[in-house]
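J.: Predicted model, plus sequence, below.
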Amino acid sequence: MEASGSQQILIAGAGIAGLTAALAFAAKGFSVRIFERSARLAEVGAGLQLSPNATRLLRQLDVLDDLMPAAKPAAIALIDGWTLRTITRVPLGDAAEKRWGAPYLVAHRADLQNALAAKVTRHPDITLTLGALVRDVSAGQSGITASVKMDGQAVEANGLLLVGADGVWSRTRALLSPSAKSEPIGRIAWRSTVRTESPAGRAFAEIADMKSVSAFLHPAAHVVAYPLRSGSAINLVAVTSGAIRTEDWASREDPQLLFNAIARMEPRLRANIREAGLWTAWPLHTGATNAPWTAPNIALIGDAAHAMTPFAAQGAAMAIEDAVTLAEHVSAQPANVQAALSAWEAERRPRLARVLKRGALNRFAWHAAGPVAIARNVFLKARGPEKLAADLDWLYGWDPAPPVKSV
(Lines give C-alpha, C1' and ligand atoms only; values in the text may rest on other atoms or scores of the structure.)
Protein backbone atom coordinates (compact mmCIF):
# COMPACT_ATOMS: atom_id res chain seq x y z
CA MET A 1 0.00 0.00 0.00
CA GLU A 2 1.42 3.37 -0.98
CA ALA A 3 1.10 5.93 1.79
CA SER A 4 1.69 9.62 2.08
CA GLY A 5 5.00 10.73 3.59
CA SER A 6 3.22 11.58 6.82
CA GLN A 7 2.37 7.89 7.35
CA GLN A 8 5.44 6.28 5.80
CA ILE A 9 8.54 5.00 7.59
CA LEU A 10 11.84 4.80 5.72
CA ILE A 11 14.42 2.26 6.86
CA ALA A 12 18.06 2.07 5.78
CA GLY A 13 19.27 -1.51 6.11
CA ALA A 14 17.65 -4.93 5.82
CA GLY A 15 19.50 -6.80 8.53
CA ILE A 16 17.90 -8.07 11.71
CA ALA A 17 17.31 -4.57 13.10
CA GLY A 18 15.82 -3.14 9.90
CA LEU A 19 13.55 -6.07 9.10
CA THR A 20 12.27 -6.23 12.67
CA ALA A 21 11.59 -2.49 12.63
CA ALA A 22 9.64 -2.84 9.38
CA LEU A 23 7.38 -5.50 10.87
CA ALA A 24 6.94 -3.57 14.11
CA PHE A 25 5.95 -0.33 12.33
CA ALA A 26 3.67 -2.15 9.89
CA ALA A 27 1.94 -3.79 12.85
CA LYS A 28 1.17 -0.26 14.07
CA GLY A 29 -0.46 0.70 10.77
CA PHE A 30 2.41 2.48 9.05
CA SER A 31 3.53 1.97 5.48
CA VAL A 32 7.23 1.03 5.36
CA ARG A 33 9.94 1.27 2.71
CA ILE A 34 13.25 -0.54 3.32
CA PHE A 35 16.35 0.38 1.35
CA GLU A 36 19.19 -2.17 1.43
CA ARG A 37 22.47 -1.27 -0.24
CA SER A 38 23.38 -4.89 -1.09
CA ALA A 39 22.00 -6.37 -4.30
CA ARG A 40 20.80 -9.44 -2.40
CA LEU A 41 20.14 -10.51 1.15
CA ALA A 42 23.21 -12.64 1.72
CA GLU A 43 23.62 -15.18 4.49
CA VAL A 44 26.10 -13.33 6.70
CA GLY A 45 27.55 -14.17 10.06
CA ALA A 46 27.03 -17.48 11.79
CA GLY A 47 25.16 -18.51 14.90
CA LEU A 48 23.53 -16.21 17.41
CA GLN A 49 21.85 -16.56 20.77
CA LEU A 50 18.31 -15.30 21.19
CA SER A 51 17.43 -14.85 24.84
CA PRO A 52 13.80 -14.65 26.06
CA ASN A 53 13.71 -10.85 25.94
CA ALA A 54 14.19 -11.17 22.15
CA THR A 55 12.09 -14.26 21.43
CA ARG A 56 9.17 -12.75 23.34
CA LEU A 57 9.10 -9.87 20.83
CA LEU A 58 9.61 -12.18 17.84
CA ARG A 59 6.57 -14.11 19.01
CA GLN A 60 4.55 -10.88 19.16
CA LEU A 61 5.56 -10.19 15.55
CA ASP A 62 4.49 -13.71 14.54
CA VAL A 63 8.03 -14.65 13.49
CA LEU A 64 9.05 -17.14 16.16
CA ASP A 65 7.31 -20.19 14.66
CA ASP A 66 9.04 -19.53 11.32
CA LEU A 67 12.47 -19.49 12.94
CA MET A 68 12.76 -23.25 13.23
CA PRO A 69 14.98 -25.22 13.02
CA ALA A 70 16.34 -23.17 15.91
CA ALA A 71 17.69 -25.17 18.83
CA LYS A 72 16.60 -24.79 22.44
CA PRO A 73 19.73 -25.37 24.56
CA ALA A 74 19.35 -27.08 27.92
CA ALA A 75 21.78 -24.80 29.75
CA ILE A 76 24.71 -22.44 29.56
CA ALA A 77 27.73 -24.39 30.79
CA LEU A 78 30.79 -22.47 31.94
CA ILE A 79 33.87 -24.67 31.54
CA ASP A 80 37.47 -24.13 32.65
CA GLY A 81 39.59 -23.83 29.50
CA TRP A 82 42.65 -25.16 31.36
CA THR A 83 41.10 -28.40 32.62
CA LEU A 84 37.71 -28.86 30.86
CA ARG A 85 36.04 -29.12 34.26
CA THR A 86 32.53 -27.65 34.38
CA ILE A 87 32.46 -24.64 36.70
CA THR A 88 28.69 -24.20 36.75
CA ARG A 89 25.55 -24.41 34.63
CA VAL A 90 22.72 -21.89 34.17
CA PRO A 91 19.52 -23.82 33.37
CA LEU A 92 17.73 -22.96 30.12
CA GLY A 93 15.41 -25.18 28.08
CA ASP A 94 11.95 -25.60 29.58
CA ALA A 95 13.14 -23.97 32.81
CA ALA A 96 13.97 -20.76 30.92
CA GLU A 97 10.61 -20.64 29.20
CA LYS A 98 8.81 -21.20 32.50
CA ARG A 99 10.88 -18.59 34.32
CA TRP A 100 11.02 -15.86 31.68
CA GLY A 101 7.90 -16.58 29.63
CA ALA A 102 9.68 -17.19 26.32
CA PRO A 103 12.29 -19.66 25.02
CA TYR A 104 16.05 -19.23 24.91
CA LEU A 105 17.09 -20.23 21.37
CA VAL A 106 20.27 -20.56 19.36
CA ALA A 107 19.95 -20.14 15.60
CA HIS A 108 21.91 -19.37 12.48
CA ARG A 109 21.83 -15.66 11.78
CA ALA A 110 20.69 -16.37 8.22
CA ASP A 111 17.73 -18.38 9.51
CA LEU A 112 16.53 -15.42 11.56
CA GLN A 113 17.09 -13.00 8.70
CA ASN A 114 15.25 -15.32 6.29
CA ALA A 115 12.31 -15.70 8.68
CA LEU A 116 12.03 -11.93 9.05
CA ALA A 117 12.48 -11.33 5.30
CA ALA A 118 9.79 -13.88 4.42
CA LYS A 119 7.32 -12.08 6.67
CA VAL A 120 8.37 -8.70 5.25
CA THR A 121 7.96 -9.70 1.60
CA ARG A 122 4.46 -11.04 2.27
CA HIS A 123 3.30 -7.91 4.08
CA PRO A 124 1.21 -5.60 1.84
CA ASP A 125 2.38 -2.44 3.62
CA ILE A 126 6.13 -3.09 3.36
CA THR A 127 8.31 -2.56 0.30
CA LEU A 128 11.89 -3.87 0.25
CA THR A 129 14.27 -2.44 -2.35
CA LEU A 130 17.69 -4.02 -2.82
CA GLY A 131 20.69 -2.26 -4.34
CA ALA A 132 19.47 1.04 -2.87
CA LEU A 133 21.75 3.33 -0.84
CA VAL A 134 20.47 6.20 1.28
CA ARG A 135 22.97 8.97 0.53
CA ASP A 136 21.49 12.11 2.06
CA VAL A 137 18.51 13.36 4.04
CA SER A 138 16.73 16.64 4.63
CA ALA A 139 14.17 17.23 7.36
CA GLY A 140 11.09 19.37 6.97
CA GLN A 141 8.16 20.40 9.10
CA SER A 142 6.12 17.29 8.35
CA GLY A 143 8.80 14.64 7.92
CA ILE A 144 11.97 13.78 6.10
CA THR A 145 13.15 13.37 2.51
CA ALA A 146 15.85 10.82 1.71
CA SER A 147 17.96 10.82 -1.43
CA VAL A 148 18.38 7.20 -2.45
CA LYS A 149 20.75 5.95 -5.12
CA MET A 150 19.33 3.01 -7.07
CA ASP A 151 20.01 1.80 -10.61
CA GLY A 152 22.58 4.56 -10.97
CA GLN A 153 20.04 7.32 -10.32
CA ALA A 154 19.09 9.44 -7.32
CA VAL A 155 15.48 9.00 -6.24
CA GLU A 156 13.69 10.91 -3.49
CA ALA A 157 11.63 9.14 -0.83
CA ASN A 158 9.45 10.98 1.68
CA GLY A 159 8.55 9.73 5.11
CA LEU A 160 7.62 10.56 8.65
CA LEU A 161 10.85 9.06 9.94
CA LEU A 162 14.14 7.58 8.70
CA VAL A 163 15.38 4.61 10.74
CA GLY A 164 19.09 3.94 10.42
CA ALA A 165 19.53 0.18 10.77
CA ASP A 166 22.63 -0.09 8.63
CA GLY A 167 25.10 -1.63 11.03
CA VAL A 168 28.50 -0.90 12.54
CA TRP A 169 29.65 1.27 9.63
CA SER A 170 26.33 3.11 9.40
CA ARG A 171 26.06 5.77 6.72
CA THR A 172 22.92 7.05 8.44
CA ARG A 173 24.90 7.67 11.61
CA ALA A 174 27.41 9.65 9.57
CA LEU A 175 24.57 11.84 8.28
CA LEU A 176 23.31 12.40 11.81
CA SER A 177 26.68 12.85 13.55
CA PRO A 178 29.73 12.77 11.23
CA SER A 179 32.24 12.45 14.07
CA ALA A 180 30.49 9.51 15.76
CA LYS A 181 32.16 6.24 14.84
CA SER A 182 32.17 2.75 16.26
CA GLU A 183 35.63 1.75 17.41
CA PRO A 184 37.42 -1.62 17.46
CA ILE A 185 38.16 -2.86 20.98
CA GLY A 186 41.29 -4.83 20.15
CA ARG A 187 39.62 -8.25 20.08
CA ILE A 188 38.69 -10.57 17.25
CA ALA A 189 35.72 -12.94 17.03
CA TRP A 190 36.69 -16.07 15.09
CA ARG A 191 33.81 -18.14 13.72
CA SER A 192 33.43 -21.61 12.32
CA THR A 193 30.61 -24.09 11.81
CA VAL A 194 31.14 -27.85 11.73
CA ARG A 195 28.76 -30.69 10.98
CA THR A 196 27.85 -32.58 14.13
CA GLU A 197 28.66 -35.93 12.50
CA SER A 198 32.02 -34.75 11.13
CA PRO A 199 35.25 -35.77 12.90
CA ALA A 200 35.57 -32.25 14.33
CA GLY A 201 31.94 -32.27 15.48
CA ARG A 202 32.31 -35.63 17.19
CA ALA A 203 35.50 -34.42 18.86
CA PHE A 204 33.73 -31.39 20.30
CA ALA A 205 30.87 -33.59 21.51
CA GLU A 206 33.42 -35.48 23.63
CA ILE A 207 34.41 -32.40 25.62
CA ALA A 208 31.18 -30.36 25.66
CA ASP A 209 27.47 -30.91 26.09
CA MET A 210 26.16 -30.39 22.58
CA LYS A 211 22.64 -29.90 23.91
CA SER A 212 23.80 -26.75 25.71
CA VAL A 213 25.77 -23.57 25.13
CA SER A 214 29.30 -24.42 26.27
CA ALA A 215 31.67 -21.55 27.10
CA PHE A 216 35.31 -22.47 27.66
CA LEU A 217 36.98 -19.78 29.79
CA HIS A 218 40.69 -18.97 29.60
CA PRO A 219 42.78 -15.82 30.16
CA ALA A 220 43.96 -15.68 26.55
CA ALA A 221 40.63 -16.39 24.90
CA HIS A 222 37.18 -17.83 25.37
CA VAL A 223 35.50 -20.33 23.08
CA VAL A 224 31.74 -20.85 22.77
CA ALA A 225 30.13 -23.90 21.17
CA TYR A 226 26.43 -24.61 20.67
CA PRO A 227 24.13 -26.60 18.37
CA LEU A 228 22.54 -25.16 15.23
CA ARG A 229 19.73 -26.26 12.91
CA SER A 230 18.12 -28.95 15.03
CA GLY A 231 21.50 -30.15 16.22
CA SER A 232 22.86 -30.98 12.76
CA ALA A 233 25.71 -28.46 13.11
CA ILE A 234 27.85 -26.89 15.83
CA ASN A 235 28.55 -23.18 15.91
CA LEU A 236 31.98 -22.20 17.21
CA VAL A 237 33.11 -18.74 18.28
CA ALA A 238 36.53 -17.93 19.70
CA VAL A 239 37.31 -14.45 21.01
CA THR A 240 40.98 -13.47 21.19
CA SER A 241 43.05 -10.34 21.47
CA GLY A 242 44.20 -8.80 18.21
CA ALA A 243 43.37 -6.31 15.50
CA ILE A 244 42.40 -6.70 11.85
CA ARG A 245 41.07 -4.18 9.36
CA THR A 246 37.96 -5.31 7.52
CA GLU A 247 34.35 -4.36 6.92
CA ASP A 248 33.40 -7.94 6.14
CA TRP A 249 31.51 -10.17 8.57
CA ALA A 250 33.52 -13.16 7.38
CA SER A 251 37.06 -12.01 6.65
CA ARG A 252 39.56 -14.70 5.71
CA GLU A 253 42.43 -14.01 8.09
CA ASP A 254 45.46 -16.13 8.93
CA PRO A 255 44.15 -18.62 11.52
CA GLN A 256 47.62 -18.79 13.05
CA LEU A 257 46.60 -15.67 14.99
CA LEU A 258 43.88 -17.79 16.60
CA PHE A 259 46.09 -20.82 17.11
CA ASN A 260 48.76 -18.71 18.83
CA ALA A 261 46.15 -17.30 21.21
CA ILE A 262 44.92 -20.74 22.30
CA ALA A 263 48.38 -22.25 22.66
CA ARG A 264 48.00 -22.81 26.41
CA MET A 265 44.44 -24.13 26.44
CA GLU A 266 43.65 -27.73 27.36
CA PRO A 267 45.22 -29.95 24.64
CA ARG A 268 42.00 -31.58 23.39
CA LEU A 269 40.23 -28.22 23.13
CA ARG A 270 43.24 -26.78 21.34
CA ALA A 271 43.35 -29.70 18.88
CA ASN A 272 39.62 -29.45 18.18
CA ILE A 273 39.90 -25.77 17.37
CA ARG A 274 42.73 -26.49 14.94
CA GLU A 275 40.70 -29.25 13.26
CA ALA A 276 37.48 -27.25 12.91
CA GLY A 277 38.35 -26.22 9.36
CA LEU A 278 37.69 -22.77 7.96
CA TRP A 279 37.73 -19.93 10.50
CA THR A 280 36.58 -16.45 9.56
CA ALA A 281 37.26 -13.32 11.58
CA TRP A 282 35.41 -10.17 12.64
CA PRO A 283 36.94 -7.28 14.63
CA LEU A 284 34.76 -6.51 17.65
CA HIS A 285 33.49 -2.95 17.91
CA THR A 286 31.80 -0.80 20.46
CA GLY A 287 29.67 2.23 19.69
CA ALA A 288 30.36 5.90 20.36
CA THR A 289 28.33 5.81 23.57
CA ASN A 290 28.01 9.58 23.95
CA ALA A 291 26.83 10.20 20.38
CA PRO A 292 23.11 10.90 19.81
CA TRP A 293 20.84 8.17 18.53
CA THR A 294 18.17 10.58 17.31
CA ALA A 295 17.81 13.83 15.40
CA PRO A 296 14.74 15.49 13.88
CA ASN A 297 12.90 12.62 12.14
CA ILE A 298 15.91 10.27 12.29
CA ALA A 299 16.59 7.38 14.68
CA LEU A 300 19.45 4.88 14.84
CA ILE A 301 18.90 1.34 16.07
CA GLY A 302 21.00 -1.77 16.59
CA ASP A 303 24.71 -1.60 15.75
CA ALA A 304 24.21 1.74 14.01
CA ALA A 305 23.42 3.25 17.42
CA HIS A 306 25.43 1.07 19.81
CA ALA A 307 27.66 -1.67 18.44
CA MET A 308 27.66 -4.48 21.01
CA THR A 309 30.44 -6.80 22.08
CA PRO A 310 29.39 -10.48 22.37
CA PHE A 311 30.18 -10.94 26.05
CA ALA A 312 26.53 -10.79 27.11
CA ALA A 313 25.22 -12.40 23.87
CA GLN A 314 22.79 -9.49 23.44
CA GLY A 315 23.64 -7.91 20.08
CA ALA A 316 20.65 -9.28 18.17
CA ALA A 317 18.38 -8.99 21.19
CA MET A 318 19.12 -5.29 21.69
CA ALA A 319 18.50 -4.60 17.99
CA ILE A 320 15.14 -6.36 18.24
CA GLU A 321 14.26 -4.45 21.41
CA ASP A 322 15.26 -1.16 19.76
CA ALA A 323 13.05 -1.82 16.74
CA VAL A 324 9.92 -2.79 18.64
CA THR A 325 10.16 -0.04 21.26
CA LEU A 326 10.82 2.62 18.61
CA ALA A 327 7.65 1.63 16.75
CA GLU A 328 5.73 1.72 20.03
CA HIS A 329 6.89 5.24 20.86
CA VAL A 330 6.31 6.71 17.39
CA SER A 331 2.86 5.15 17.09
CA ALA A 332 1.93 6.57 20.50
CA GLN A 333 2.41 10.15 19.27
CA PRO A 334 2.89 10.31 15.48
CA ALA A 335 1.99 14.01 15.46
CA ASN A 336 5.01 14.75 17.68
CA VAL A 337 7.76 12.54 16.35
CA GLN A 338 10.61 14.40 17.99
CA ALA A 339 9.01 14.02 21.42
CA ALA A 340 8.52 10.33 20.68
CA LEU A 341 12.17 9.92 19.65
CA SER A 342 13.43 11.77 22.71
CA ALA A 343 11.30 9.62 25.01
CA TRP A 344 12.46 6.45 23.25
CA GLU A 345 16.15 7.34 23.53
CA ALA A 346 15.77 8.32 27.19
CA GLU A 347 14.14 4.95 27.87
CA ARG A 348 16.63 2.85 25.94
CA ARG A 349 19.92 4.34 27.09
CA PRO A 350 19.78 3.12 30.73
CA ARG A 351 18.94 -0.41 29.63
CA LEU A 352 21.73 -0.48 27.04
CA ALA A 353 24.16 0.88 29.64
CA ARG A 354 23.22 -1.93 32.00
CA VAL A 355 23.62 -4.57 29.29
CA LEU A 356 27.03 -3.15 28.35
CA LYS A 357 28.02 -3.23 32.02
CA ARG A 358 27.01 -6.88 32.22
CA GLY A 359 29.05 -7.60 29.09
CA ALA A 360 32.08 -5.88 30.61
CA LEU A 361 31.71 -7.99 33.76
CA ASN A 362 31.53 -11.19 31.70
CA ARG A 363 34.55 -10.14 29.68
CA PHE A 364 36.57 -9.65 32.87
CA ALA A 365 35.36 -12.88 34.47
CA TRP A 366 35.75 -15.07 31.41
CA HIS A 367 39.35 -13.98 30.83
CA ALA A 368 40.41 -13.95 34.49
CA ALA A 369 43.74 -15.51 35.44
CA GLY A 370 45.47 -16.77 38.56
CA PRO A 371 43.86 -16.04 41.94
CA VAL A 372 41.07 -14.03 40.28
CA ALA A 373 40.06 -17.06 38.18
CA ILE A 374 40.13 -19.29 41.28
CA ALA A 375 37.91 -16.80 43.14
CA ARG A 376 35.56 -16.65 40.14
CA ASN A 377 35.17 -20.42 40.10
CA VAL A 378 34.52 -20.59 43.84
CA PHE A 379 31.94 -17.79 43.63
CA LEU A 380 30.07 -19.34 40.69
CA LYS A 381 29.94 -22.77 42.34
CA ALA A 382 28.73 -21.28 45.63
CA ARG A 383 26.07 -19.14 43.99
CA GLY A 384 24.54 -22.11 42.21
CA PRO A 385 22.35 -22.44 39.10
CA GLU A 386 19.13 -21.06 40.61
CA LYS A 387 20.69 -17.82 41.86
CA LEU A 388 22.66 -17.38 38.64
CA ALA A 389 19.39 -17.62 36.71
CA ALA A 390 17.77 -15.10 39.08
CA ASP A 391 20.66 -12.71 38.37
CA LEU A 392 19.41 -12.58 34.77
CA ASP A 393 15.76 -11.83 35.52
CA TRP A 394 16.22 -8.12 34.76
CA LEU A 395 17.69 -9.00 31.34
CA TYR A 396 15.75 -12.03 30.12
CA GLY A 397 12.47 -11.22 31.85
CA TRP A 398 12.26 -7.69 30.42
CA ASP A 399 9.07 -6.57 28.75
CA PRO A 400 8.67 -3.07 27.23
CA ALA A 401 6.58 -0.66 29.24
CA PRO A 402 3.84 1.23 27.36
CA PRO A 403 5.21 4.57 26.13
CA VAL A 404 4.01 7.73 27.85
CA LYS A 405 2.77 10.50 25.59
CA SER A 406 4.25 13.97 26.03
CA VAL A 407 1.84 16.56 27.36
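T.: In hand now; what should we look at?
J.: In this structure, where's the longest strand?
T.: Using DSSP state E to define each element, the chain has its longest strand at strand 183-195.
J.: So which elements touch the very next helix or strand once past that strand?
T.: Using DSSP states H and E, the helix or strand that directly follows strand 183-195 along the chain is helix 199-207. Secondary-structure packing of helix 199-207 (3 or more C-beta pairs under 8 Å, 6 or more residues apart in numbering; DSSP states H and E): strand 183-195, strand 233-241, helix 267-275. The C-beta positions use only the backbone N, C-alpha and C, and glycine is treated the same way.
J.: contacts for helix 199-207?
T.: The contact list for helix 199-207 (C-beta atoms under 8 Å, 6 or more residues apart in numbering) reads 84, 194-196, 210, 225, 233-234, 236, 266, 268-269, 271-272, 275-277.
J.: and that helix, how far out from the chain's middle?
T.: Chain-centre distance of helix 199-207: 27 Å, with C-alpha atoms, centre = their mean, to the nearest Å.
J.: quick check: angle from that helix to helix 267-275?
T.: Helix 199-207 and helix 267-275 are oriented at 160 degrees to each other (axes from the mean of the first three to the mean of the last three C-alpha atoms, to 10 degrees).
J.: Helix or strand next in line after helix 199-207, which one?
T.: With DSSP H and E, the next secondary element past helix 199-207 is strand 213-217.
J.: in the helix or strand of the chain with the lowest mean pLDDT, what counts as buried?
T.: Sorting the helices and strands of the chain by mean pLDDT, DSSP states H and E puts strand 280-286 at the bottom, at a mean of 85. By 16 or more other C-beta atoms under 10 Å, the buried positions in strand 280-286 come out as 280, 281, 282, 283, 284, 285, 286.
J.: so the fifth one makes contact with residue 309?
T.: Yes - with contact taken as C-beta atoms under 8 Å, residue 284 and residue 309 are classed as touching, separated by 5.3 Å.
J.: okay, and the common contacts of the two?
T.: Common neighbours of residue 284 and residue 309 (C-beta under 8 Å, 6+ apart) are 185, 187.
J.: I'd like to know how far residue 371 sits from residue 79.
T.: 20 Å (C-beta to C-beta, to the nearest Å).
J.: More neighbours: which of the two?
T.: residue 79 (25 against 8; other C-beta atoms under 10 Å).
J.: which is the next helix or strand following the helix or strand harbouring that one?
T.: Per DSSP H and E: residue 79 is located in strand 75-80. As assigned by DSSP H and E, the chain's next helix or strand after strand 75-80 is strand 86-91.
J.: quick one, that next one and strand 213-217 angle?
T.: 150 degrees.
J.: other SSEs contacting the following helix or strand past strand 86-91?
T.: Once the chain leaves strand 86-91, the next helix or strand it forms, by DSSP H and E, is helix 93-100. Contacts defined by 3+ C-beta pairs under 8 Å, 6+ apart place helix 93-100 against helix 52-60, helix 370-390, helix 393-396.
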